[in-house]
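Engineer: build the 3D model from these lines:
(chains A and B)
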Amino acid sequence: MSRLLDQPPFAPRDDAGFLAEMNLLSRFHLDGCLEYRRIWPDWSPATDIAGLPFLHVGLFKRLLLRTTSDTVQHRRTLTSSATTGSSPSQIVLDQKSSVLQAQSSLAILREMVGPEMRPLIVLDDARSLHRRSVTARVAAAMSLKPLASEIHFVLDESVQPPIVRWDAVREILLHHNDLLVYGFTSILWQSWTSGQFPAEVRGLLAGKRIHFVHSGGWKKLESLSVTRETFDARLLEGLSDGSHVVDYYGLVEQVGIIYPLCEHGYRHVPRWAGIVVRDPWTMEPLANTEGLLQSMNVLAYGAPYHNVLTEDLGRLVPGECSCGRAGRRFELLGRAPQVEVRGCANV
Amino acid sequence: MSEHLHYFSTDMRRWAVTLPFDLDAVIGQWDQLRAVMVRHMPEAFNRDEWAYLITFLDPHNLERPFLQAFGRREALAESSINGSIDSLARPRGPVAVWLPNNVSLLGPLMLVLVSLTGNRVRLKAGSQAEDLTGALLDFARAHLPSGPLAAFLDDCVQLERFDRDDPRNREMAKGAAVRVMFGSDESIAAIDALEHIPGGGAIAFSDRRSEVWMETSQLHQDTLKILIKVFAIYGRAGCTSPSRVVLLNGRREEAVALRDRLLELWPYAVRNDMPIHVASENIMARQWAAALGWDAELAPRNSVMVAAGTPGLSPVAGLMSLLVVPATVEQAVQTLPANIQTIGYALERPGDPRWLQILAPTSAKRFVPLAQMHHFGPLWDGYDYWRQLFEIVEIA
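Structural biologist: Residues are numbered from 1 along each chain as shown, chains lettered A, B, ... in the order given. Alright, predicted model coming up:
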């Protein structure tokens, strides 16, 4: 277990403690995972976090990695939502890490939405819970479970396109004034702002206090020309002043770590996580220019997904944030642009 | 357009080929266009592609399909024809061509070759890719003076962009005497299932893989630079690009040494940075290869991943990932992919008949010098497809 989790996520950082734990964790995975060892055969403990041995996020789509140890009990596999034509990432979960990851995401979310318990509406289908592997969507929703007095899955995916069970939403709104709503960004937009939202149910929203939590990215919304301002304004229409929209960045390959957007537009790094931005062509760490984001944490034991080079672009932002959170902060600038591949075959 | 007869002969047969134009005039007009091409390049093309097109339009190259199909050219006088012709070849009828989404020069090259046959042609370009066929067509229409080729391109060539669900796919299939289909096995099956003329021609070019066979005696710097150039054009997205280099009768240390030389030469042969997502994918590919037991390294600036290993290791995919394996000839043959298309070679004695014996039981469709791996022509994927664009009339 990590001592770093003993304090709030955005309390002053213990960089030396974080590096020491990451060095130990990296050694643990090198000893227990042949593939990881083959990738980093000559690694020796790092003197800064940029020197820690990372894995490219795409590797988890190609290999089912696993760290073997007497202290690790592997459980289910977490899968990402695959884009068309690509395979999903697969992350082998384990008992010990799951406890840490739940503790981590709860601490971060509590910091953003407050500690009080309230009903949680999940824009997903309850049947997703019973599949053998856990999807990223369900894992994200369930990270809010400790803040939920009750959970309601309100999406019906037995029909295409999926529909919201508005009768269920109506029942919840009739009995509660303070709610949490979780959905993938695009699903939340499509369902909550669509013309199918019954007027009666919409009427029941008036004056309620709702925290919307969403993740999954803006790609689909960009194609619909929906800005963050429009998105937030539409969701908060008619609600009480205490309502908020929380957009967080997270990866299946970094389960347990989420980077919510603060009220000043930055993403903050919890004290048990680290962010490095790298030049895509040299892999040099970058101080405050745009590059590939690398995310790391001390929570992952079942497989070496503790330190992952992503395909997302970002920039570290120097200085202290007006929101008051300590530690590093960064801007997420979206996916690395894809250019057309010419040829005549499928790679 | 009036019919023009052209005469050819082999030792066995004398041919009359009828075309709706004078062949020499059409070839001459393509040649005229080359002069303009040297000075102007449409934005859609890169320099390598444009240079290859200019070379491809050389009159000798454009005459070659006729010579291969019908024999040497004959300048026969009308009086000497009577009774001496064995076969008449005439354009078979409308040709429909489905180009894949990530096609590069195949579209323009196919357009040029079909234009020589006099068949009407309807091409479907990919709905998501940059349309090089359209770019060439626009360029030719804008710069060609009036003449038979300009008239043919205006009147007989139809190019459209639409997706796989568009009803125009049905129209194309239904109206074509010959269907030429490029694409994945799935997309070809879907096109083939559309209603078409019974007995009509069907030519399918599906997913293919290619590789290089080199002997250790041929690892000269110039040869390695050619290998880099050939690979760098499309990476592994080209069906004619090598995904693996087989070092014949080499050892693993020699494969590692070859990997290091390729990585060292790469920056001199390829000067531009890869796009970010390709650089990123190369990092992934190196890790993937290393995890599977390959000796994998990246070139400076993450521009390519080259891995040395053995033929038995699980392969690694990636746009700019090249695998080097030492193997005996027998191992090379045994580990050829089922969909092998081109083997590009760097051999000491490529003309040795033993290579024919080695190739005979394989599925390889082309065995060509390394530098010619991407060369497109009237023979492709094992088909003499260009000749099939003609109908043959027996004359006795």
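Engineer: buried residues in the one helix or strand B:Arg170 maps to?
Structural biologist: Counting by DSSP states H and E, the element that carries B:Arg170 is helix B:168-175. The neighbour-count check on helix B:168-175 (16 or more other CB atoms under 10 Å in any protein chain shown) flags B:169, B:172-173 as buried. (Glycine included, C-beta is placed from N, CA and C.)
Engineer: and that helix, what does it pack onto?
Structural biologist: Counting contacts by 3 or more CB pairs under 8 Å, 6 or more residues apart in numbering or on different chains; DSSP states H and E, helix B:168-175 packs against strand B:95-98, strand B:121-125.
Engineer: quick one: which of those is nearest A:Leu292?
Structural biologist: strand B:121-125 (33.5 Å; CB to CB).
Engineer: packing partners of the closest one?
Structural biologist: Looks like strand B:121-125 contacts strand B:95-98, helix B:106-115, helix B:132-143, strand B:157-161, helix B:168-175 (3+ CB pairs under 8 Å, 6+ apart).
Engineer: among these, which is nearest B:Leu319?
Structural biologist: Closest of the helices and strands packed on strand B:121-125 to B:Leu319 is helix B:106-115, at 17.9 Å (criterion: CB to CB).
Engineer: touching chain A at all, that closest one?
Structural biologist: Yes: residues of helix B:106-115 contacting chain A under CB under 8 Å from any CB of the partner chain: B:Leu106.
Engineer: residues touching that helix, excluding its own?
Structural biologist: Applying CB atoms under 8 Å, 6 or more residues apart in numbering or on different chains, the external contacts of helix B:106-115 come out as A:344, B:26, B:30, B:53, B:56-57, B:62, B:65, B:95, B:97, B:99, B:121, B:123, B:125, B:131-133, B:135-137, B:149, B:152-153, B:157, B:180, B:182, B:376-378, B:386, B:389.
Engineer: near chain A, which residues of the stretch 101-250 of chain B?
Structural biologist: B:102-104, B:106, B:129-130, B:182, B:184, B:205, B:207-209, B:234-241.
Engineer: which bits of the stretch 151-300 of chain A sit near chain B?
Structural biologist: Counting by CB under 8 Å from any CB, the positions of the stretch 151-300 of chain A adjacent to chain B are A:280-283, A:292.
Engineer: now these: which count as buried?
Structural biologist: Taking 16+ other CB under 10 Å as the criterion, what is buried in those is A:280-281, A:283, A:292.
Engineer: restricted to strands, list these.
Structural biologist: Members of these lying in strands (criterion: DSSP state E): A:Leu292.
Engineer: run through the chain and note the low-pLDDT ranges.
Structural biologist: In the absence of a named chain, this looks at chain A. A:81-85, A:130-134, A:340-341, A:343-347 (pLDDT under 70).
Engineer: ah, no, chain B please
Structural biologist: In chain B (pLDDT under 70), the answer is B:1, B:78-79, B:102-103, B:127-129.
Engineer: okay, now the residue in it that chain A sits nearest to: neighbour count?
Structural biologist: Closest residue of chain B to chain A, CB to the nearest CB: B:Ala237 (2.6 Å). Counted by other CB atoms under 10 Å in any protein chain shown, the residues lying close to B:Ala237 total 20.
Engineer: next one: A:Glu253
Structural biologist: 28.
Engineer: which of the residues of the stretch 151-300 of chain A next to chain B sit farthest apart?
Structural biologist: A:Thr282 and A:Leu292 (11.0 Å).
Engineer: circling back to that earlier point, ok, so of the residues of the stretch 151-300 of chain A next to chain B, who is nearest A:Leu332?
Structural biologist: Closest to A:Leu332 out of these is A:Leu292 (11.8 Å), distances taken as CB to CB.
Engineer: what residues sit buried inside stretch A:89-104?
Structural biologist: Those would be A:89-94, A:96-98, A:100-104, for stretch A:89-104 by 16+ other CB under 10 Å.
Engineer: quick one: buried residues of stretch A:238-248?
Structural biologist: A:239, A:243-248.
Engineer: alpha carbons of it, as PDB, please.
Structural biologist: These are the backbone C-alpha positions of stretch A:238-248, laid out as PDB (Å, rounded to 0.1, in the frame of the first residue of the first chain):
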ATOM      1  CA  GLY A 238     -32.700  25.200 -15.100                       C
ATOM      2  CA  LEU A 239     -30.700  23.500 -12.300                       C
ATOM      3  CA  SER A 240     -29.700  25.000  -9.000                       C
ATOM      4  CA  ASP A 241     -26.600  27.100  -8.600                       C
ATOM      5  CA  GLY A 242     -24.700  24.300  -6.800                       C
ATOM      6  CA  SER A 243     -24.800  22.100  -9.900                       C
ATOM      7  CA  HIS A 244     -21.500  21.400 -11.800                       C
ATOM      8  CA  VAL A 245     -20.200  19.500 -14.800                       C
ATOM      9  CA  VAL A 246     -17.000  17.600 -14.100                       C
ATOM     10  CA  ASP A 247     -15.000  16.500 -17.200                       C
ATOM     11  CA  TYR A 248     -12.200  14.200 -16.400                       C
END
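Engineer: send the alpha carbons of the helix holding B:Arg170 over as CSV?
Structural biologist: Extracted in CSV, the C-alpha atoms of helix B:168-175 (Å, rounded to 0.1, in the frame of the first residue of the first chain):
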residue,chain,number,x,y,z
ARG,B,168,-24.0,3.5,-57.6
ASN,B,169,-21.9,0.4,-56.8
ARG,B,170,-24.8,-1.6,-58.2
GLU,B,171,-25.0,0.5,-61.3
MET,B,172,-21.3,0.1,-61.8
ALA,B,173,-21.4,-3.7,-61.4
LYS,B,174,-24.4,-4.1,-63.6
GLY,B,175,-23.1,-2.1,-66.5
